[in-house]
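A.B. asks: Build me a model:
(2 chains)
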Amino acid sequence: MNLFDLSQASADVRAASPAQVQLDEQGRLRHFLDIEGLPRSVLTEILDTADHFRGIGDAEVKKVPLLRGRTVANLFFENSTRTRATFELAAKRLSADVLNLDIKTSSAAKGESLMDTLVNLEAMQADAFVVRHGDSGAAHFIASQITPHVAIINAGDGRHAHPTQAMLDMLTIRRHKGEFANLRVAIVGDILHSRVARSQIQALNTLGAAEVRVVAPQTLLPIGVETLGCQVFTELAAGLKDVDVVIMLRLQKERMDGALLPSESEYYRRYGLTRESLAHAHPDAVVMHPGPINRGVEIESAVADGPRSLILDQVTNGIAVRMAVLSMAVSGQMKARAERRGERSRGAGA
Amino acid sequence: MKRSLINARVIDPTNGLDGQYDLHLDGGRLIAIGEAPADFSAEQRDDLAGKLVTPAFIDLGAHLRDPGPRYKGSLVSESAAALAGGYATILPRPDTSPVLDSASHIRTLLDRARDVAGVRLAPLGALTQGLDGDLLANMAALKSAGCVALTNLRQPIRDLGVLRRCLEYARTFDITVVFQAQEAALAGQGCAHEGAIASRLGLAGIPESAETVALTQWLLLIEQTGVRAHVSLLSSARAVELVRDAKARGLDISADVSMAQLHWTDEQLEGFNANFHLEPPLRSAADRDALRAGVVDGTIDAIVSDHLPHEAAAKSAPFAVSEPGMTSLETMLPLGLALVEAELLSLPRLIETLTFSARRFGLKGGMLEVGEYCDLAVIDMEQEWRVSSETLVSAGHNTPLLGMLLNGRVEEVLLGDSCYA
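C.D. replies: This next block holds a predicted model:
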């Protein structure tokens, strides 16, 4: 440890950031916690690997033996249908054994601490934890302090990050629009509470998108959101003008209670994506939504089900991206484990 | 016992003393500074060449966790930590379990302290019953029982009419009111400074206005009622300005800041280090710089520990759900010396800010007075030590400095009326 730096009078005693925790010394993925800090090469590798796995989904036998004999535990401290289902399918298509734990209704409710739950699962020799948790930084906390030798895949932590969702969105964009350099992307809706938006903005910036915009009323924009790397719009028509990709976010009903919005109907009139408002975007623009959608609240049914909607494609790509991330992180952990074993046996031999 | 401390650098800001002086003590009473009286013959002579001797420190607001759950700390562990940090007197906060809102609780605490605590306690009592912010506490009785000031800490007093009455009643009995400015409705469920970093980390923010809106209300009511007040734990540049203006208008108000706020900013939250989960939150670099300037120009009178020890499990959780606070009594001196080393603060000013509460709250100590009992801290400014579970005396090891090497250590605290034989 460093000497407290007197000249600075403010020693930097920051803990390791998610970016530092999730990569090993060789830059290999060993957890997948956050888009922030990941180099473009790793994001591209994830997309390329996922592209390859997309083919498996179309094959007669939808399985590869990459994770045979490995155990993936889905730890969902928050409810989720789609994310959990696609993670389960992803793990199964990689031939892993899958353990689904809905922690809300099991041990956490009985007062067992997060830490106890995790170390017990580690003792059951799980190789990966897919973690969804209501608190920002939860996945990072687990990876850095509780079970560093289990691959932690962040399936959403509070308002902080949802990196696999962002990567499946990137895969969807790349498959339909090609390279990112020429793309303008607008993210519309509740940016304040959205871990999806934060991860998307970071991924789009890292992959070199021409312009990232966020569109929302002031009450749904985090302070300083522009520092994430995006242009801020409070008016939908201006925000959608000439964009190539429109990403709509789900509006949680409880936002009305917090005095963030007056009503669903006013929100829909100002920020809902309708055929009419979509006309401001580029004629070839595509429409995405992380789901589940609120028809008539943030998006018109005719748009959600229309020809430019990629919403179901996103779901399909979600399986491929989660297969890619699981296989990469578990293999990163396997290599590290082998290296530790090697060091131990060398130590014993010496 | 007659004792002479010789050859040390002695700093006493109250008397404008800074230089090499000998101190001569008899049974804890300071007999002379400099030359010993002709009839004084010391039984013990301590050569403290190279060391620093100052009035022992006084801390306002340290949480001694007593009464309360033992796993977080106790009078025994936390007063030992205070001594190790150079403190002779602590003004402990009232949000114990039970809350210190009655004279009997205060008497019980002081009785126990006489038996087990190594430092003097000058407790802060609750301003409202249970700190609930609804009904006035028995203020006069609390004062008679030994409270040196009353406070509701950061607990909201939602009804401004009640707040006004609290201040008027306190004024009636010449009681100083200590407060921390935070408007609960604006702070919401926040756990970090509202700014770009919290936004990126997805942590709910506490806006600067949570502090300034509450502070403005308090200052106006303090002005109206004429009560003597002390605002604790300032966190923003704008709050420093408000206090500066209030002092210029002639309000009888003093202010403090925690040592952590003078060192760190919200940038430390990048790795979700729960040891930086503090209330009020660490704010921006501009805020920190304004707080430092406030200490230098006297707007801020005291630097306090905001000592809040926790067991390991309280911090072993995702940032937002970890318990806020830092154990800090033992690292106050080295962190203060770091500010001096960086030429942000003079050494006498540092000592002045660490002893201010004695003068403000009419307590013994905090200065050298010939003929009086005096509490002294003997300091080795060069001693390097590592913060670790082994070296920390506090029951709480919740500090981001764990594992770090620090410069400067308190060698001994001499308590005027008890520790001398």
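A.B. asks: Let me see the backbone angles for the nearest residue to B:Ser305 once chain neighbours are set aside.
C.D. replies: Distances taken as CB to CB, 6 or more residues apart in numbering or on different chains put B:Ser328 closest to B:Ser305, at 4.5 Å, once the chain neighbours are dropped. Using the backbone N, CA and C atoms, a C-beta is placed for each residue, glycine as well. In terms of degrees, to the nearest 10, the main-chain angles of B:Ser328 are phi -150, psi -10.
A.B. asks: now do B:Arg45
C.D. replies: When read as degrees, to the nearest 10, the backbone of B:Arg45 gives phi -120, psi 120.
A.B. asks: and residue 303, which of the three is it?
C.D. replies: Just so you know, I chose chain A. helix (DSSP: H, G, I helix; E, B strand; the rest coil).
A.B. asks: actually chain B
C.D. replies: State at B:Ile303, reduced to three classes by three-state DSSP: strand.
A.B. asks: swap in B:Ala185?
C.D. replies: Secondary structure for B:Ala185, judged by three-state DSSP, is helix.
A.B. asks: What is the neighbour count of it?
C.D. replies: The burial count assigned to B:Ala185 is 10, neighbours taken as other CB atoms under 10 Å in any protein chain shown.
A.B. asks: how close does it get to A:His162?
C.D. replies: With the distance defined as CB to CB, to the nearest Å, B:Ala185 ends up 29 Å from A:His162.
A.B. asks: what do you get for A:Arg275?
C.D. replies: 28 Å.
A.B. asks: between the two, who's got more neighbours?
C.D. replies: When A:Arg275 and A:His162 are compared for neighbours, A:His162 comes out ahead with 28 against 11, by other CB under 10 Å.
A.B. asks: show me the contacts for that one.
C.D. replies: With contacts taken as CB atoms under 8 Å, 6 or more residues apart in numbering or on different chains, A:His162 has the following neighbours: A:Asn154, A:Ala155, A:Gly156, A:Arg195, A:Val196, A:Arg198, A:Ser199, A:Pro290.
A.B. asks: Can you verify my assumption that the last one contacts A:Leu249?
C.D. replies: Which is A:Pro290. Yes. With the criterion set as CB atoms under 8 Å, A:Pro290 and A:Leu249 qualify as a contacting pair; they are 7.0 Å apart.
A.B. asks: list residues touching both of the two?
C.D. replies: Between them, A:Pro290 and A:Leu249 share these contacting residues under CB under 8 Å, 6+ apart: A:Val196.
A.B. asks: Around chain A, which positions in the stretch 251-400 of chain B sit nearby?
C.D. replies: The stretch 251-400 of chain B comes close to chain A at residues B:263-265, B:267-268, B:270-273, B:288, B:313, B:316-321, B:334, B:337-339, B:341-342, B:344, B:384, B:386, B:400, as judged by CB under 8 Å from any CB of the partner chain.
A.B. asks: and with 7 Å instead?
C.D. replies: Neighbours of chain A within the stretch 251-400 of chain B, by CB under 7 Å from any CB of the partner chain: B:263-264, B:268, B:270-273, B:316-321, B:338-339, B:341-342, B:344, B:400.
A.B. asks: so where's the chain shaky on pLDDT?
C.D. replies: No chain in the question, so chain A it is. By pLDDT under 70, the weakly predicted segments of chain A are A:1-12, A:105-112, A:348-350.
A.B. asks: nope, chain B
C.D. replies: Counting by pLDDT under 70, chain B has low-confidence residues at B:418-421.
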